[in-house]
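Student: structure of the sequence below:
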Amino acid sequence: MPAVRSCRQLTSGLLLGLTLLAIPATAAGQQSQPTAEAKLAARALANKGVELFDAGRYEDALTAFRGAEALVHAPPLVVMAARSCERLGRLIEARSLYQRVLDEPLAATAPRAFQEAQAEAKTELAALAPRIPTLEVALAGTAQGAVQLTLDGEHIAPATPVQRDPGEHTLVGVEPGRPPVTTKVRLDERMKRYIILDLTPPSPEATPTRSAPVASQGNRQKLLFIGGGAAAGTGIIAGTVFSILALGKGGDAENLRDSVRSDRTLNGRCPSTSPPPVCTELRDTVNLQYTFINAALYSFIVGAVGAGTVIYALVDRPAAPASRMQVVPHVGWGSAGLSLSGQF
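Tutor: Next up is the predicted model:
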C-alpha cells in the first residue's frame, strides 16, 4: 500500500505540473520547452499509466509512462516506469531508471513533484539493490582462459559475480575441440549462487568402446518367467484359501448375530460394557473375517504382479547390441560432473 500511495502522490503532483503553461528547464542540457499539446498528451498518457498500474497491467503501464516521458521529460514518469519494471521482475532495468532520476541535476526552481521523485528514487533504489541476484561461475579441470562462458548469450568472465534478473537463465561453457556444456540456472531474489563447471577430460579407462553384459538376455527372461510364475501361483492359491476362510467366518458371524437377536436379555444388541460371551465371540469372529479378507486381497495383488512379470518376460525381446559409449562433461544446478550416454 505505501508504494500505491506514493505512486498517486507523485502522479498527482506531476499532472498538476503538466497543466502549467510552461515547465522550467530542470536538467542540464534540456534544450526546449514542451508545447501545450505535448503536455496535454503527456498528461493523458500519465493518467492512463496510473490506471493500468493500479490494475496490475504493468507492461501496458510501462508503455504509457515511457510514451508520456518521451513527450514531456519529468522525473516522476521515470520513477513510475521503474516501478513498473520492478513489478515485472526486471530489477536491473528498474535500478537503471532509479539511478537515472538520482543522477539528474535539478534546478532550485524545479517543481516539488520532481524533487519528491528524486527522494523516492533514492529510497526505492536502496531497497531494490539487495534483491538483485548474483551468479558466479568457477572452472575446474581447465585453464580459465581456454573456456568461453556465456550467460543468456552474453559473455561473462569466470570467477566474477554477475547480476541478473530473477528467473531461469542459460549458461554455456565452450572449450575448443570439445562439445559445449549447457545448463539452465534458476536465480531467485537475493540469491548469491556459485557454480563449479568441471571440464576435466575423461581418462581413457572411463571411455570403453563396449560394455560387457552382466547376464545374457535369455537368462534374464528365464529368471523373470520363473519368479513371476512362482509369485502368480502362490498369490492366487493363497488368495483363494483366505477367501474361503473369510466366507466361513462370515457364516459363523451371521449365526452369532442370530443368537444375539434371539436373546431377550440383550434386546438384539450387544452392550458396550461387560458384554456377554456371545458378544465377545461375535466381535472376535468379525475381526478374524476382516483379517482373512485383507490377506486374500494382498495375495491376489501379488498374484497379479507375478502374472504381469510372466507376460513381460514372454513379450520382451533382446535389444540391439551397444555400438558406442560417449562421456561428456555436464554441469547442473549447483553441481557438475560427467554425463555417460550411449546404448548399454
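Student: hey, which helix or strand in the chain has the poorest pLDDT?
Tutor: When each helix and strand of the chain is scored by mean pLDDT, DSSP states H and E, strand 335-342 comes last, with a mean of 43.
Student: got the residue ranges for the strands in the stretch 51-200 of the chain?
Tutor: Ranges of strands within the stretch 51-200 of the chain are 134-140, 148-151, 154-156, 162-163, 167-174, 181-187, 192-198, based on DSSP state E, counting those that start in this stretch.
Student: how about residues contacting the shortest one?
Tutor: Taking contacts as CB atoms under 8 Å, 6 or more residues apart in numbering, the residues outside strand 162-163 that touch it are Ile92, Ile132, Pro133, Thr134, Leu135, Glu136, Leu151, Ile156. Using the backbone N, CA and C atoms, a C-beta is placed for each residue, glycine as well.
Student: pLDDT below threshold where in the stretch 201-344 of the chain?
Tutor: 201-218, 221, 224-225, 228, 267-268, 306, 310, 313, 315-344 (pLDDT under 70).
Student: let's go with 50 and repeat that
Tutor: 211-212, 214-215, 320-328, 330-344 (pLDDT under 50).
Student: what's the spacing between the residue nearest the centre of the chain and Leu91?
Tutor: What sits nearest the mean C-alpha location of the chain, by CA atoms, centre = their mean, is Arg186, with 8.6 Å. Per CB to CB, to the nearest Å, Arg186 is found 15 Å from Leu91.
Student: which secondary structure elements does whichever strand or helix holds Val302 contact?
Tutor: Per DSSP states H and E: Val302 is located in helix 277-315. When contacts are defined as 3 or more CB pairs under 8 Å, 6 or more residues apart in numbering; DSSP states H and E, helix 277-315 packs onto helix 217-262.
Student: now the angle between helix 277-315 and the helix it packs on, please.
Tutor: Inter-element angle recorded for helix 217-262 and helix 277-315: 160 degrees (by axes from the mean of the first three to the mean of the last three CA atoms, to 10 degrees).
Student: so what's the gap between helix 217-262 and the chain middle?
Tutor: 46 Å (CA atoms, centre = their mean, to the nearest Å).
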